[in-house]
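Undergrad: Quick one, what's the 3D model for this:
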Amino acid sequence: MAFFFYLICANAFNLPLAGPVMFYRYYVHWYGSALCFIGLLLAASAVITLGVNFRIGLDEETPVKLVTKGPFAINRNPLYTGMVFIFAGVYITYASWIFLVYALAGALLVHRQILREETSLYTLFNNEYAEYCKIVGRYF
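TA: Numbering: from 1, shown residues only. Predicted coordinates:
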C-alpha cells in the first residue's frame, strides 16, 4: 500500500517513477478519473445501502439480512466492483506498468474475496441467496 501511495504521489508531483509510462494522451487521464469517480460512487452507494448489514470480512455468527435493493439489484458485489473500477481508473490515468500490475493483482484478489463471500452467503441464506444469484449477476 505504501508503494502504491508513493506511485500516485510521484505521478501527481513529478517525483521519480518506478517504470516507464506506457502511453500518454491528455484526454485519457479524464477517462481514468471518470472511471475512478464511478467506482467511488458505486462503492459508496453499496456501503450506504448495506447500512447496519455492512461487515468487514466473513462473519457467519452475527445475524444479518440479505440486501437486494439499490446497487445490489443490478450487481451482487457493487462494493468490490467499484474497487475494480478504481484500480482500472488509476491505471488508465497514470498508464504505468506498475499500475497495471497493481490493477490486475487487485482485481484477482477482489475476485477471490467475492468467491469466498459467496460461499459464506450460501451457508447463511441457502435458497434465498440461490434465487438472488439467478436474477442478479456477480458483476453485471
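
Undergrad: pLDDT weak spots in this structure?
TA: Confidence mapping of the chain against pLDDT under 70 gives the ranges 1, 4, 17-24, 58.

Undergrad: Check the gap between the nearest residue to Asn11 once chain neighbours are set aside and Ala73 for me.
TA: Excluding the flanking residues, the one nearest Asn11 by C-beta to C-beta, 6 or more residues apart in numbering is Tyr94, at 4.8 Å. C-beta: built from backbone N, CA, C; applies to glycine. Here the criterion is C-beta to C-beta, to the nearest Å. By it, Tyr94 lies 33 Å from Ala73.

Undergrad: Which one's more surrounded, those two?
TA: More crowded of Tyr94 and Ala73, by other C-beta atoms under 10 Å: Tyr94, with 22 against 14.

Undergrad: Next, the contact list for Phe72, please.
TA: Under the criterion of C-beta atoms under 8 Å, 6 or more residues apart in numbering, the neighbours of Phe72 are Ala46, Thr49, Pro78, Val136.

Undergrad: I'd like to know which of these are part of helices.
TA: Counted as lying in helices by DSSP state H, out of the contacts of Phe72, are Ala46, Thr49, Pro78.
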